[in-house]
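Q: Test case, fold it:
(one chain, ligands or ions: 1)
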Amino acid sequence: MTTTEGLDEIESLVDVERIQRHIDAFAALTETDVEGDGVTRLAYTPLERRAHALFRDHMAGLGLQVRTDAAGNTMAESDGTSAASAHGTTSVAALGTGSHLDSVPSGGRFDGIAGVVASMEIAEIVSTTGLRHRRPWRFVAFAAEEGARFGQACNGSRMVAGLTSAIDAEQLFDASGISMGDAMRSVGLHPERIGADRWAPEDWSAFIELHIEQGVVLEDRQVNVGVVDAISGSTRLAIRVDGRASHTGGTPMHLRRDALVTASRCVLACDELARDPAHHGTRVTVGRLTVHPGSITTIPGRVDFTVDVRDIDSDRQRRTAEALIARFRSIADTARTEVSFELMGDTSPVVLPHWLVAEIGVAAADLGEMHQVLPSGASHDSQQIAHLLATGMIFVPSRDGLSHVPEEHTTAEQLAGGTRTLLRALRRLDGRP
Ligand SMILES: [Zn+2]
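A: The predicted structure follows:
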């Protein structure tokens with residue numbers, strides 16, 4: 001049996017107001033001296049640690065065992081009945097759920113937080129009702145998911161999945177030149193010990209992350225629950241264009257080697273290639289561009305920009321990145337400028353296990369909740385965890401599809417709908433052999 005008798009409708013205990021209070025409490029933890037509205041709580045900063053402390057205190061207050069690992073991930077565990085009844089000798093593989101607590105600069109209140117709050121709500125229901133579950137249930141707040149600070153996304157989940165080493169942490173830097181390793185040490189973490197905190201796949205049965213969609217599919221269909229079947233990969237490039245800086249008045253047009261003109265043509269080439277019908281499903285973005293020396297009266301001598309290529313087809317993702325570099329080189333040649341590049345990050349797309357997609361769909365149907373199966377364009381901690389164990393994802397709607405901006409919004413009712421489906425899915429999985 002997976003459920004406590006008489007608690008078949010335990011999902012109805014999911015509390016909309018409690019969810020809203022948790023969302024508000026995390027949103028209050030934001031840098032106050034940055035430009036723009038929204039939430040700024042970057043990876044491996046004291047504020048991110050305060051958010052983890054909030055999660056830890058809530059879970060510890062419910063009587064769960066809580067631990068923060070060397071990478072800064074915080075995990076709370078509710079014991080399964082199976083281990084206790086077998087004199088502690090039988091270990092049953094655990095179920096997990098969770099998401100991340102860091103944000104991009106001037107981001108929203110829901111990206112990552114939605115899944116952490118769902119896990120806090122489920123832990124509260126489990127703890128206050130004494131809901132019996134056979135397997136250990138683990139509630140996880142991952143560290144440093146956003147790539148905004150160090151260029152690489154999903155750092156905490158990569159570390160537990162064994163996909164990033166302590167050496168990598170010393171080789172990633174933020175815009176002020178601080179290495180990820182130093183940032184981790186400055187908030188009391190231990191990059192040199194991350195190897196010891198890797199998750200053992202045999203210790204886990206399945207993991208489900210709830211997350212906001214960050215797109216418009218669910219809103220368009222007026223459906224509150226999305227079940228993700230695949231997660232896009234992402235190839236990130238740092239591109240540098242070198243031309244020659246000189247006086248804007250003194251240099252005739254035919255003698256210019258303007259790095260920004262080359263970079264602009266490269267940006268247009270990205271857009272053009274991604275819109276080509278042969279690339280249907282590919283998404284290419286130039287999200288950061290810096291012009292040097294940045295003077296009104298000096299022709300730009302150097303431009304740095306980033307390119308982010310996303311796809312759910314791993315071959316096409318890499319072919320697109322290669323094709324873009326070839327195009328950039330030929331554009332640079334014709335303008336007598338030079339282009340060089342560095343690979344900042346490369347993550348493969350993943351297809352999530354079909355049986356788990358089906359289980360989550362049945363969980364939603366059990367509760368009379370309409371759902372839609374869809375791919376994820378954004379990368380997630382689940383993508384890393386999927387390398388180790390069976391992993392699924394539940395999406396809740398994003399108003400107007402907006403994310404990574406202060407306008408990001410999901411109603412507490414929509415979050416509650418996703419949380420109920422997540423709880424039902426965990427109960428279903430708990431009973432699987
Ligand atoms: Zn996220």
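Q: Lowest mean pLDDT among the helices and strands, pick that one out for this structure.
A: helix 81-85 (a mean of 66; mean pLDDT, DSSP states H and E).
Q: Spit out the contact partners of residue 368.
A: By CB atoms under 8 Å, 6 or more residues apart in numbering, the contact set of residue 368 is empty. Using the backbone N, CA and C atoms, a C-beta is placed for each residue, glycine as well.
Q: Secondary structure class of it, three-state.
A: coil (DSSP: H, G, I helix; E, B strand; the rest coil).
Q: Return the residues of the chain in contact with the ion.
A: Those residues of the chain that sit near the ion, judged by CB under 5 Å from the ion, are 111-112.
Q: give me the low-pLDDT residue ranges for the chain?
A: Scanning the chain for pLDDT under 70 picks out 1-8, 34-36, 83-90.
Q: now do 50
A: 1-7, 85-89 (pLDDT under 50).
Q: if I look at the most far-flung residue of it relative to its centre, how far off is the ion?
A: For the chain, the residue at maximal distance from the C-alpha centroid (CA atoms, centre = their mean) is residue 250, at 48.7 Å. For residue 250, the distance to the ion (CB to the ion, to the nearest Å) stands at 49 Å.
Q: again, but for residue 191
A: 22 Å.
Q: From what I see, that residue and residue 70 are in contact.
A: Yes - the pair residue 191 and residue 70 passes the contact test of CB atoms under 8 Å, sitting 7.1 Å apart.
Q: what about the two, which has more around it?
A: residue 191 (26 against 19; other CB atoms under 10 Å).
Q: show me what contacts the more buried one?
A: 70-71, 166, 169-170, 180-181, 184-185.
Q: for the stretch 101-250 of the chain, what spans make up the strands?
A: Along the stretch 101-250 of the chain, counting by DSSP state E, counting those that start in this stretch, strands occupy 137-142, 204-212, 225-231, 233-242.
Q: got those as a markdown table, with mean neighbour count columns?
A: Formatted as a markdown table, the strands of the stretch 101-250 of the chain follow (neighbours: other CB atoms under 10 Å):
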| stretch | mean neighbour count |
| --- | --- |
| strand 137-142 | 28 |
| strand 204-212 | 26 |
| strand 225-231 | 24 |
| strand 233-242 | 22 |
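Q: Would you mind saying which of these lies nearest residue 42?
A: strand 137-142 (14.3 Å; CB to CB).
Q: which strands and helices sit next to the closest one?
A: Counting contacts by 3 or more CB pairs under 8 Å, 6 or more residues apart in numbering; DSSP states H and E, strand 137-142 is packed against helix 46-61, strand 74-78, strand 94-100, helix 113-129.
Q: can I get the CA coordinates of it in PDB?
A: C-alpha atoms of strand 137-142 as PDB (Å, rounded to 0.1, in the frame of the first residue of the first chain):
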ATOM      1  CA  TRP A 137      11.300  10.900   0.000                       C
ATOM      2  CA  ARG A 138      14.000  13.500  -0.600                       C
ATOM      3  CA  PHE A 139      13.300  17.200  -1.100                       C
ATOM      4  CA  VAL A 140      16.100  19.000  -2.900                       C
ATOM      5  CA  ALA A 141      17.100  22.700  -3.300                       C
ATOM      6  CA  PHE A 142      19.900  22.700  -5.900                       C
END
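Q: Within the sheet, what are the partner strands of that strand, with directions?
A: Strand 137-142 pairs in its sheet with strand 74-78 (antiparallel), strand 94-100 (parallel), by DSSP bridges.
Q: Restrict the longest one to CA atoms and write it as PDB.
A: So that's strand 94-100. In PDB, the C-alpha atoms belonging to strand 94-100 read as follows (Å, rounded to 0.1, in the frame of the first residue of the first chain):
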ATOM      1  CA  ALA A  94      14.400   6.900  -2.800                       C
ATOM      2  CA  LEU A  95      12.100   9.300  -4.600                       C
ATOM      3  CA  GLY A  96      13.200  12.900  -5.000                       C
ATOM      4  CA  THR A  97      11.700  16.200  -6.000                       C
ATOM      5  CA  GLY A  98      13.000  19.800  -6.000                       C
ATOM      6  CA  SER A  99      14.500  22.600  -8.100                       C
ATOM      7  CA  HIS A 100      16.800  25.600  -7.500                       C
END
